[in-house]
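Peer 1: Fold the following and give me the result.
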Amino acid sequence: MIALSLALTTFAHTAHSADSCVHEKDLLASAALIQKEGRGKGSGVVYQGDIVLTNHHVIADIPKVWVHIPRTDQVIEAEVLHATPKPDIAVLKLKEKVKDAKELHLARRAHRREELRLVSFPFAEKHRLGAVQARFNNFARFKSDSRLLYFNALLSDWGFAGDSGGGFYNCKGQLVGINFGNLALKGTPEHVYAVNMRAIEDALRAAGVEARIEY
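Peer 2: Predicted coordinates for the structure are as follows:
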């Protein structure tokens, strides 16, 4: 069973100390809330001033998409440039730019056991930032899509609505993936899935947006 979202708890730091990583406030600055009729529907990532990334399933049943940027308190209408259910990703173009938005870069690769941080929104529609030690499965595939577009990470907490579409970031602040759900085993979500940087790159290019990649 694929749940819509996830929650994160903090794990011990591995390759980098907290002091050497991009500050939490910089990650929170890229967070967006996707709204349906004035209420939160899911999370999103401000990739650049007028481009937001989220999941296909977050916007699939919304006739008019609005994006709330908590940092600037802007609520902006958006059009869908590209969306596909497999992989579960959508690229939105805002009708006005986010004030002082920073441009994100995609990570070229993710490292096994690298600590990642997720920025998302729980039920209360407030920022949540959690950390997870990644245990990548580079061979994870779905029957409907044989491309290696997903990774999974082992968690120890429950999933909550609102986290779908949240961004996974590495220590450098590079975007590693977009959360889309978790696999529940025996009633408890154990494996978290995200559309990875390769799929994000494909989606951006399909939408006619530059894919900025850091090596």
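Peer 1: what residue ranges in this protein are flagged as low confidence?
Peer 2: Counting by pLDDT under 70, the ranges of the chain that qualify are 1-19, 112, 122-161, 182-192, 215.
Peer 1: Scan it for its longest helix.
Peer 2: In the chain, taking DSSP state H as the definition, the longest helix is helix 197-206.
Peer 1: got the CA coordinates for it in CSV?
Peer 2: Taking C-alpha atoms only, helix 197-206 is exported to CSV below (Å, rounded to 0.1, in the frame of the first residue of the first chain):
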residue,chain,number,x,y,z
MET,A,197,16.8,13.8,-9.2
ARG,A,198,16.9,12.0,-12.5
ALA,A,199,13.2,12.1,-12.8
ILE,A,200,13.1,15.7,-11.7
GLU,A,201,15.6,16.5,-14.4
ASP,A,202,13.4,14.8,-17.0
ALA,A,203,10.3,16.6,-15.8
LEU,A,204,11.9,20.0,-15.8
ARG,A,205,13.2,19.5,-19.4
ALA,A,206,9.8,18.2,-20.5
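Peer 1: Report the buried residues of that helix.
Peer 2: Applying a neighbour-count criterion of 16 or more other CB atoms under 10 Å, the buried positions in helix 197-206 are 197-200, 202-204. All C-beta atoms are positioned from the backbone trio N, CA, C, and that covers glycine.
Peer 1: after that helix, next one along is what?
Peer 2: Following helix 197-206 in sequence order, the next helix or strand is strand 213-214 (DSSP states H and E).
Peer 1: rewinding a little: would JSON lines of the buried residues of helix 197-206 with distance to residue 178 be doable?
Peer 2: Compiled in JSON lines, the buried residues of helix 197-206 are given as follows (distance: CB to CB, whole Å):
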{"residue": "197", "distance to residue 178": "9"}
{"residue": "198", "distance to residue 178": "12"}
{"residue": "199", "distance to residue 178": "8"}
{"residue": "200", "distance to residue 178": "6"}
{"residue": "202", "distance to residue 178": "12"}
{"residue": "203", "distance to residue 178": "9"}
{"residue": "204", "distance to residue 178": "11"}
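Peer 1: Which member of those is positioned nearest residue 213?
Peer 2: Distances from those to residue 213 were compared by CB to CB; the smallest belongs to residue 197, at 7.7 Å.
Peer 1: give me the number of residues near the closest residue to the closest one other than its chain neighbours?
Peer 2: Nearest-residue entry for residue 197: residue 106, 4.5 Å, with adjacent residues in sequence omitted and distances by CB to CB, 6 or more residues apart in numbering. The number of residues packed near residue 106 is 20, by other CB atoms under 10 Å.
Peer 1: Dihedrals phi and psi, residue 106?
Peer 2: As for residue 106, its main-chain torsions (degrees, to the nearest 10) stand at phi -80, psi 140.
Peer 1: residues contacting it?
Peer 2: Under the criterion of CB atoms under 8 Å, 6 or more residues apart in numbering, the contact partners of residue 106 comprise 174-176, 197, 200-201, 211-214.
Peer 1: Please apply the same query to residue 22.
Peer 2: Residues counted as contacts of residue 22 (CB under 8 Å, 6+ apart) are 169, 171-173.
Peer 1: ok, 6 Å please
Peer 2: When contacts are counted by CB atoms under 6 Å, 6 or more residues apart in numbering, residue 22 touches residue 173.
Peer 1: quick check, it in a helix?
Peer 2: No. Counting by DSSP: H, G, I helix; E, B strand; the rest coil, residue 22 is not part of a helix but coil.
Peer 1: No further questions, thank you.
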